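**Student:** Got a predicted model here, sequence first, then my questions.
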Amino acid sequence: MSVHFFHGDKGGVGKSFVAQSFVDWLVTRDIAPLVIDSDMRNPDVARMFPDVAVTVDLRKHEGWLELLSLLHESDREQVVVSLPAGIGAEMTAELPAFFDGLRELGRDATLLWVLARTADSINLLRSATAAFDGQARAMIALKNLFFGDPAKFGRWNESRTRTAFEDAGGVVVDSPSCSIGSSIRPRRPTRRWRSRRSSTVCVSATAPSCDAGSRKSTRSGTASPRSSASP
């Protein structure tokens, strides 16, 4: 019973698209997730999956209490949380109490950090690593190859942030080109679920151009969502 945080703390790195791809990977395998979109300005993940998604403002303390309440009420084993840019400081302050509540609910957490080649994208991972280290079941850094092939991530490859991340048990994964401008076209519904909370039929199906199943790990060969952040 996992809560997957899609993070990056930078706008434009592709974290929403990667989150959408992971949700699609779940629903096409008949796994009904609960999707939490905390980007209140542009909740694009919630727009793509309106029948399984809710918006929660995690920039506010009350939003974290609401998230714990949703997790308590939900019977969904897989929960996807799409985070907005610039939430790092607020999130770091809220995580200790949140992790305590998560353990009481019998759930664990994973961090999926989407990387660009910029210094900010790399440096912001430092505080996230410190916040999730020892608390998360897994920490995964996804290099978004939209910004160039793996060899062009020299700043990341040679950084102390990467060393600290891997020393903390983090795994680095090469992700296919995941651009905000990439095409995700909804198609006819193919998956239906009954929601325990609302007693309504939930329908969601998309066709992402970035398949989460094609990721490759730079540490341990091929990594699929099942070996990294899968159920």
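**Tutor:** It's in.
**Student:** For the chain, name the helix or strand with the lowest mean pLDDT.
**Tutor:** strand 201-203 (a mean of 25; mean pLDDT, DSSP states H and E).
**Student:** list the contacts for the residue lying closest to residue 37 once chain neighbours are set aside?
**Tutor:** Residue nearest to residue 37 in three dimensions, not counting chain neighbours: residue 46, with 3.8 Å by C-beta to C-beta, 6 or more residues apart in numbering. Backbone N, C-alpha and C define where each C-beta goes, glycine included. Counting by C-beta atoms under 8 Å, 6 or more residues apart in numbering, residue 46 touches 35, 37, 53, 54, 55, 82.
**Student:** before we move on, what about residue 110?
**Tutor:** 2, 3, 4, 5, 136, 137, 138, 139, 140, 229.
**Student:** hmm, 10 Å instead?
**Tutor:** Residues in contact with residue 110 (C-beta atoms under 10 Å, 6 or more residues apart in numbering) are 2-6, 81, 132, 136-140, 228-230.
**Student:** again with residue 133
**Tutor:** Going by C-beta under 10 Å, 6+ apart, residue 133 touches 111, 139, 164, 165, 167, 168, 169, 170.
**Student:** which among those gets closest to residue 29?
**Tutor:** Taking C-beta to C-beta as the measure, residue 29 lies nearest residue 111 of the contacts of residue 133, at 22.0 Å.
**Student:** ok, that closest one touching residue 9?
**Tutor:** No - under the criterion of C-beta atoms under 10 Å, residue 111 is not in contact with residue 9, lying 11.5 Å apart.
**Student:** which residues are in contact with both of those two?
**Tutor:** 125, 128.
**Student:** got the contact list for the longest helix anywhere in the chain?
**Tutor:** The helix that spans the most residues within the chain, counting by DSSP state H, is helix 88-104. Residues outside helix 88-104 that contact it (C-beta under 10 Å, 6+ apart): 1-3, 5, 7-10, 38, 58-61, 63-65, 67-69, 71-72, 83-84, 87, 107-109, 124-128, 130-132, 134-136.
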